[in-house]
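Visitor: quick check, what structure comes out for this input:
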Amino acid sequence: MAESNIRLKNVSSNNKNLFRISFTTNVFECYDTVISGYLAAIIGHLFFKSSSEVMALILSFATFSAHFLIEPIGGIFWGRFGDKYGAGLATKYSMLVMAIPSCLIGLLPTYDTIGYSAALLLLLMNLVQGFGAGGQVATNFCYIYEQALHNKHSSLFCGLAAAGGWFGSLLASLIAFLLYTNFTNANIYSWAWRIPFLISIPMFIVIFYFRKNIEVNPNNIKVVQKFDWLRKDFIRAFIKCFLLLSFMQICFYMLFVWMPTYLESVLKVAHNTARMSNMLSLITATICVVFWGYLGKHVHYKKVMLFSVSSLLLFSYPLFYLLHSTMFIILIAVQLIFAVIYTPLEGNYVFALGRAFNSKFRNRGYALCWTLSIALFGGTTPVVCSYFIHLFNFNLFPVFYLMLFAVITLPAIYLL
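Guide: Next comes the predicted model:
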């Protein structure tokens with residue numbers, strides 16, 4: 001009886017630790033990414049010399065994209081590191097490399113202080129940050145999947161890992177909303193823009209404290225043999241997972257990160273209205289990710305994900321068209337619908353990718369798929385959409401970009 005009670009206590013303690021680590025897995029990375037996207041117009045004005053506000057915004061998003069373009073290099077490094085030393089150690093070190101430049105961005109001098117050097121320093125911070133982020137998300141997800149693999153709530157813990165990223169995005173949206181409602185534009189452009197980046201410091205300390213419970217055993221170092229990137233089982237898994245993640249990056253950055261900018265700059269919606277509707281969609285998405293992750297335990301995860309992509313393919317055009325009414329209630333309704341039909345992918349992809357890759361190269365598979373997809377289609381989505389809307393004067397361009405990749409992604413999910 002005593003042994004049974006001890007075993008139950010150990011299980012409960014392990015579940016609590018796994019819950020904390022799962023939920024905080026992606027909070028910092030997503031907070032930092034989303035806050036950079038929300039403040040892109042301000043950063044463009046402060047760090048880039050341009051006579052056109054549109055061009056300054058594009059330059060800001062281009063610098064923002066540099067973070068993602070360097071991630072595949074970090075992904076290869078941290079993926080191999082994780083396969084050799086364990087995902088736990090990789091996730092601790094990669095967070096340090098990512099977090100330090102994230103915090104330093106809030107201390108950078110602007111163009112008015114040091115000229116073009118300001119943009120170069122911003123670019124450098126984004127590159128170092130991207131190298132760390134290349135291993136942060138992927139090795140975190142690998143750790144959660146492997147720790148929860150034999151747990152009866154495995155799909156729920158994987159869903160929580162994804163939900164943590166949404167909580168980080170929600171927190172960024174809330175901070176941006178409070179920034180604009182409590183400070184004048186003059187104060188924001190003068191100094192208050194730094195506050196969201198400096199908030200990264202206590203956030204990093206808290207998350208790193210939770211990760212002290214990550215098990216790191218130096219005796220479990222594996223001999224990593226020369227890896228054949230062209231082996232058939234790796235290529236098959238990589239193609240399917242890469243297509244899935246590419247579509248998800250496009251959806252996330254278009255519908256949740258770039259959407260407030262689209263509403264303000266293209267549809268001329270009031271700033272607070274755009275931020276409020278976006279924040280409500282993020283709250284809904286965070287809850288729905290956990291729900292869909294839990295449902296994946298009872299309904300096959302593949303069916304849930306196919307439902308999501310099919311719904312986005314069918315309803316994206318009418319939903320985007322409705323946004324042009326600019327009525328507050330319609331803006332909220334459209335973004336809530338997007339949150340509900342997109343999040344089945346978020347709630348189940350961590351588990352799906354874990355099953356797709358062999359344990360011998362799971363860290364590298366995760367890292368390469370994640371970093372390449374985010375480099376090619378994540379951070380670039382705001383740039384692509386902003387540019388082609390400006391070039392063709394066609395406000396519905398993003399819909400067709402999303403629908404094209406939905407068609408490509410459906411067979412990839414079916415074959416997972």
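
Visitor: for the host helix or strand of residue 291, packing partners?
Guide: Secondary-structure element containing residue 291, defined by DSSP states H and E: helix 271-298. In terms of contacts (3 or more Cβ pairs under 8 Å, 6 or more residues apart in numbering; DSSP states H and E), helix 271-298 is packed against helix 154-182, helix 259-261, helix 301-323, helix 328-356. C-beta here means a position set from N, CA and C on the backbone, and glycine is covered the same way.

Visitor: nearest to residue 406, of the ones you listed?
Guide: Smallest distance to residue 406 across those (Cβ to Cβ): 4.0 Å, for helix 301-323.

Visitor: what mean pLDDT does that closest one have?
Guide: Helix 301-323 carries an average pLDDT of 94.

Visitor: could you dump that helix to PDB, C-alpha only?
Guide: What follows is helix 301-323 as a C-alpha-only set of coordinates in PDB (Å, rounded to 0.1, in the frame of the first residue of the first chain):
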ATOM      1  CA  TYR A 301      -5.200  13.200 -34.800                       C
ATOM      2  CA  LYS A 302      -5.100  12.900 -38.600                       C
ATOM      3  CA  LYS A 303      -8.800  13.300 -39.000                       C
ATOM      4  CA  VAL A 304      -8.800  16.400 -36.800                       C
ATOM      5  CA  MET A 305      -6.000  17.900 -38.800                       C
ATOM      6  CA  LEU A 306      -7.700  17.200 -42.200                       C
ATOM      7  CA  PHE A 307     -10.800  18.900 -40.900                       C
ATOM      8  CA  SER A 308      -8.800  22.000 -40.100                       C
ATOM      9  CA  VAL A 309      -7.100  22.300 -43.500                       C
ATOM     10  CA  SER A 310     -10.300  21.600 -45.400                       C
ATOM     11  CA  SER A 311     -12.200  24.200 -43.400                       C
ATOM     12  CA  LEU A 312      -9.500  26.800 -44.100                       C
ATOM     13  CA  LEU A 313      -9.600  26.000 -47.800                       C
ATOM     14  CA  LEU A 314     -13.400  26.400 -48.000                       C
ATOM     15  CA  PHE A 315     -13.900  29.300 -45.700                       C
ATOM     16  CA  SER A 316     -10.900  31.600 -46.000                       C
ATOM     17  CA  TYR A 317     -12.200  33.600 -49.000                       C
ATOM     18  CA  PRO A 318     -15.600  34.400 -47.600                       C
ATOM     19  CA  LEU A 319     -14.100  35.200 -44.200                       C
ATOM     20  CA  PHE A 320     -11.500  37.600 -45.600                       C
ATOM     21  CA  TYR A 321     -14.200  39.200 -47.700                       C
ATOM     22  CA  LEU A 322     -16.300  39.800 -44.600                       C
ATOM     23  CA  LEU A 323     -13.400  41.700 -43.000                       C
END
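
Visitor: what is that helix packed up against?
Guide: helix 232-252, helix 271-298, helix 328-356, helix 397-414.

Visitor: quick check: buried residues in the last one?
Guide: Looking back up the chat, that one is helix 397-414. Within helix 397-414, the residues that count as buried by 16 or more other Cβ atoms under 10 Å are 397-399, 401-403, 405-406, 409-410, 412-413.

Visitor: compute the number of surrounding residues for residue 210.
Guide: Using other Cβ atoms under 10 Å, residue 210 has 15 neighbouring residues.

Visitor: and the closest residue to residue 234 other than its chain neighbours, how far is that from residue 134?
Guide: Closest residue to residue 234 apart from its sequence neighbours, by Cβ to Cβ, 6 or more residues apart in numbering: residue 361 at 6.1 Å. Distance check for residue 361 against residue 134: by Cβ to Cβ, to the nearest Å, it reads 16 Å.

Visitor: any idea how far residue 114 is from residue 341?
Guide: 46 Å.

Visitor: and if you look at residue 241?
Guide: Taking Cβ to Cβ, one finds residue 241 at 43 Å from residue 114.

Visitor: the more surrounded of these two?
Guide: residue 241 (24 against 13).

Visitor: dump the residue contacts of the closest residue to the more buried one other than its chain neighbours.
Guide: Distances taken as Cβ to Cβ, 6+ apart place residue 369 nearest to residue 241, at 4.5 Å, with adjacent residues excluded. The neighbours of residue 369, taking Cβ atoms under 8 Å, 6 or more residues apart in numbering as the test, are 138, 238, 241-242, 245, 353.

Visitor: so which helix or strand takes in residue 369?
Guide: helix 362-373.

Visitor: quick check: residue 313 touching residue 406?
Guide: Yes - in this structure, residue 313 is within contact of residue 406 by Cβ atoms under 8 Å, at 4.0 Å.

Visitor: any low-confidence regions in this protein?
Guide: Within the chain, the stretches falling below the threshold (pLDDT under 70) are 1-15, 25, 50-58, 61, 64, 152-153, 213, 215-230.

Visitor: which helix of it spans the most residues?
Guide: If you go by DSSP state H, the chain has its longest helix at helix 117-148.

Visitor: quick one, that one and helix 362-373 angle?
Guide: 140 degrees (axes from the mean of the first three to the mean of the last three Cα atoms, to 10 degrees).

Visitor: got a list of contacts for stretch 270-288?
Guide: 163, 166-167, 169-170, 173-174, 176-177, 180-181, 255-256, 259-260, 263-264, 328, 331-332, 335-336, 338-340, 342-343, 346-347.

Visitor: export it to CSV, keeping only CA atoms.
Guide: C-alpha atoms of stretch 270-288 as CSV (Å, rounded to 0.1, in the frame of the first residue of the first chain):
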residue,chain,number,x,y,z
ALA,A,270,-9.0,51.9,-35.9
HIS,A,271,-5.8,50.8,-34.0
ASN,A,272,-7.5,49.8,-30.7
THR,A,273,-10.3,47.9,-32.6
ALA,A,274,-7.7,45.9,-34.6
ARG,A,275,-5.7,45.0,-31.4
MET,A,276,-8.8,44.2,-29.4
SER,A,277,-10.3,41.8,-32.0
ASN,A,278,-6.8,40.2,-32.4
MET,A,279,-6.5,39.7,-28.7
LEU,A,280,-9.9,38.0,-28.4
SER,A,281,-8.9,35.6,-31.3
LEU,A,282,-5.7,34.7,-29.4
ILE,A,283,-7.6,34.0,-26.2
THR,A,284,-9.9,31.7,-28.2
ALA,A,285,-7.1,30.0,-30.0
THR,A,286,-5.2,29.3,-26.7
ILE,A,287,-8.2,27.5,-25.2
CYS,A,288,-9.0,25.7,-28.5
